[in-house]
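> All I have is the shape, not the residue letters:
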């Protein structure tokens, strides 16, 4: 996963992140500010994930988010 993509799209993704990880507060999400390492640390703290599990969860969610965006921007075939 491209961490720069996550940082660049964080404002749009923040609402989704709140739904994905309901234990994270708005303050937590503001503190993360799209920074992969900070978000991973918060997931470890709030959910008890290992570092690897937190990284995997973030990768999975960002990949799904990107796929959803691409699907919604592809013009319909005639």
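All right, it came through fine. Please read these numbers as outputs of a predicted model, since none were measured by experiment. Numbers count the residues shown, from 1 in each chain.
> Run through the residues that contact residue 3.
residue 36 (Cβ atoms under 8 Å, 6 or more residues apart in numbering). The way it works is simple: take the backbone N, C-alpha and C, and place the C-beta from them, glycine included.
> can you do 10 Å?
34, 35, 36, 37, 39, 58, 59, 62 (Cβ atoms under 10 Å, 6 or more residues apart in numbering).
> can I assume the last one is in contact with residue 9?
Think residue 62. Yes. Counting by Cβ atoms under 10 Å, residue 9 is a contact partner of residue 62 at 8.4 Å.
> Now for the two: what residues contact both?
residue 16.
> quick one: which of those two has more around it?
residue 62 (21 against 16; other Cβ atoms under 10 Å).
> Quick check: which element contains residue 54?
Using DSSP states H and E, residue 54 sits within helix 51-73.
> neighbouring contacts of that helix?
Contacts for helix 51-73 (Cβ under 10 Å, 6+ apart): 1-3, 5-6, 9, 12-13, 16-17, 19-21, 36-37, 39-50.
> filter those residues to the buried ones?
Using 16 or more other Cβ atoms under 10 Å as the burial test, those include 6, 9, 13, 17, 20-21, 36, 39-43, 49 as buried.
> With distance to residue 69 and pLDDT added, can I get the residues you listed in JSON lines?
Below are the buried ones among the contacts of helix 51-73 laid out as JSON lines (distance: Cβ to Cβ, whole Å; pLDDT from 0 to 100):
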{"residue": "6", "distance to residue 69": "13", "pLDDT": "82"}
{"residue": "9", "distance to residue 69": "8", "pLDDT": "86"}
{"residue": "13", "distance to residue 69": "10", "pLDDT": "90"}
{"residue": "17", "distance to residue 69": "14", "pLDDT": "93"}
{"residue": "20", "distance to residue 69": "15", "pLDDT": "95"}
{"residue": "21", "distance to residue 69": "19", "pLDDT": "96"}
{"residue": "36", "distance to residue 69": "18", "pLDDT": "94"}
{"residue": "39", "distance to residue 69": "19", "pLDDT": "96"}
{"residue": "40", "distance to residue 69": "22", "pLDDT": "97"}
{"residue": "41", "distance to residue 69": "26", "pLDDT": "97"}
{"residue": "42", "distance to residue 69": "23", "pLDDT": "97"}
{"residue": "43", "distance to residue 69": "22", "pLDDT": "97"}
{"residue": "49", "distance to residue 69": "25", "pLDDT": "97"}
